[in-house]
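[1] Pasting the sequence and the predicted coordinates here, then a few questions.
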Amino acid sequence: QVQLVESGGGLVQPGGSLRLSCAASGFTLDYYAIGWFRQAPGKEREGVSCISSDGSTSILESVQGRFTTARDNAKNTVYLQMNGLKPEDTAVYYCAVTSRGCAVSMRNFGPWGQGTQVTVSS
């Protein structure tokens, strides 16, 4: 069964850090680009980061310098390291894959994980 499972979310104070994990099962991530997305209440889902099969990355401008993404093909897992978290980073974070590279629209990504909640609050 092809599946992505996110983990690592939680409640953190402003300025804190979290590392999200996206673990794949049923297929290997090696040849896919993996995107992280987030959706805050009342807002549309937006792309946060993407890492291609060759390791090149793209990061949403508003989180550049704070968020990074990395992949560990041996563990079939992709990570989103989030530092300097702000209340506006509060959202459900999802990962998804695409075989078409990072420069594609969100509708080209799938399957999707179930999401992990990140709440930044004092």
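    Yep, that arrived. Residues are numbered from 1 along each chain as shown.
[2] where exactly do the strands run in this structure?
    Ranges of strands within the chain are 3-7, 10-12, 18-25, 33-39, 46-51, 57-59, 67-72, 77-82, 91-98, 116-120, based on DSSP state E.
[3] Which one, of those, ends up nearest to Phe109?
    strand 91-98 (3.8 Å; Cβ to Cβ). For the C-beta atoms, the positions are set from N, CA and C on the backbone; glycine is no exception.
[4] I would like the residues contacting the closest one, please.
    4, 6, 9, 20, 22, 24, 29, 32-40, 43, 45, 48, 78, 80, 104, 108-118 (Cβ atoms under 8 Å, 6 or more residues apart in numbering).
[5] Return the distance of that strand from the chain's centre.
    5 Å (Cα atoms, centre = their mean, to the nearest Å).
[6] pLDDT on that strand, on average?
    Strand 91-98 carries an average pLDDT of 97.
[7] picking up where we left off before, now the strands of the chain as TSV including mean neighbour count?
    Formatted as TSV, the strands of the chain follow (neighbours: other Cβ atoms under 10 Å):
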stretch	mean neighbour count
strand 3-7	17
strand 10-12	14
strand 18-25	19
strand 33-39	23
strand 46-51	21
strand 57-59	17
strand 67-72	18
strand 77-82	23
strand 91-98	23
strand 116-120	18
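[8] and Gly65, how many neighbours?
    Using other Cβ atoms under 10 Å, Gly65 has 10 neighbouring residues.
[9] Which residue, neighbours along the chain excluded, lies closest to it?
    Of all residues not flanking Gly65 in the chain, Gly84 sits nearest, at 7.9 Å (Cβ to Cβ, 6 or more residues apart in numbering).
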